[in-house]
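Asker: this one's structure only:
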């Protein structure tokens, strides 16, 4: 009876996360084509026919691009809060009424012993929220697409066994990069994305004795690099006494390749 997961894809071009137990298998977001999501699931030996549903974080296209396709093809229920449903319905095509389920913010729903806790984040979407998963004393938390990490968010995700945590951009690269100023301002705002340095600061408040893996996620293709994100976070954590490379491992994610399934 294990809680297990894979970061199927993470980045500005598309996001999908798989999590399961012996009793249930779920997707969090479907931000790539249906064909690509199927391929990513197959790479980690998960049959899409075995999925039990899709949880949605928010309506941006890099999180819902393949949502309607996957739901129709595999007759999957979709879970999202009311404002997200309103914002995305016109983008996902027709899904039947019996596939539409509401998952309110700051609530807990149970799926065959897997307790899923939703929590709000600060992002320029209708009502964005992410999830912490609890099963048999183990905890996995997913947090990307937020302009800052509040104390309430930290409380929800603290001491997770494993975390997917946003390290979207390097501030210097973003400031010197090709984006127009209004886009840079949006990314740097409280409704944008967390930088490498801000992520490292927040991690220091949520890493606990149980925390063994942190996956660095949602890296910008233009304003970050895998090695830079990892170096920035690792250096800051080590400076503050965290056992990176020993009891605590940092893991890279990719927009095109899944992480190996981790069993907790």
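Answerer: Done, it's in. Here the structure is a predicted model, which is why all the values come from computation and not from measurement.

Asker: just the element for the residue positioned nearest the centre of the chain, please.
Answerer: For the chain, the residue nearest the mean C-alpha position is residue 142 (4.4 Å; CA atoms, centre = their mean). Using DSSP states H and E, residue 142 sits within strand 138-143.

Asker: show me what that strand pairs with in its sheet, parallel or antiparallel.
Answerer: The strands that strand 138-143 pairs with in its sheet are strand 129-135 (antiparallel), strand 162-166 (parallel) (by DSSP bridges).

Asker: dump the ones you listed to CSV, plus mean neighbour count.
Answerer: Every residue, glycine included, has its C-beta placed from N, CA and C. Listed next are those as CSV, based on neighbours: other CB atoms under 10 Å:
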stretch, mean neighbour count
strand 129-135, 24
strand 162-166, 26
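
Asker: mean pLDDT and distance to residue 31 for those strands - can I get that in CSV?
Answerer: Formatted as CSV, the strands paired with strand 138-143 follow (pLDDT from 0 to 100; distance: least, CB to CB, whole Å):
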stretch, mean pLDDT, distance to residue 31
strand 129-135, 98, 14
strand 162-166, 98, 14
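
Asker: which one of the ones you listed lies closest to residue 26?
Answerer: Of all the strands paired with strand 138-143, the one in closest proximity to residue 26, counting by CB to CB, is strand 129-135 (8.7 Å).

Asker: the strands paired with strand 138-143: which one's closest to residue 121?
Answerer: strand 129-135 (5.7 Å).

Asker: quick one on the thing from earlier: list the buried ones in the next helix or strand after the strand holding residue 142?
Answerer: Using DSSP H and E, the helix or strand that follows strand 138-143 towards the C-terminus is helix 151-157. Across helix 151-157, burial judged by 16 or more other CB atoms under 10 Å covers 153, 156-157.

Asker: for those residues, give me CSV that also has distance to residue 67.
Answerer: What follows is those, written out as CSV (distance: CB to CB, whole Å):
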residue, distance to residue 67
153, 24
156, 24
157, 24
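
Asker: list just the nearest of the residues you listed to residue 214.
Answerer: So of the buried residues of helix 151-157, ranked by how close each gets to residue 214 (CB to CB), first place is residue 157, at 10.7 Å.

Asker: can you give me the helices for this structure?
Answerer: For the chain, the helices defined by DSSP state H occupy 34-43, 61-64, 67-74, 82-88, 151-157, 171-176, 181-188, 196-206, 226-239.
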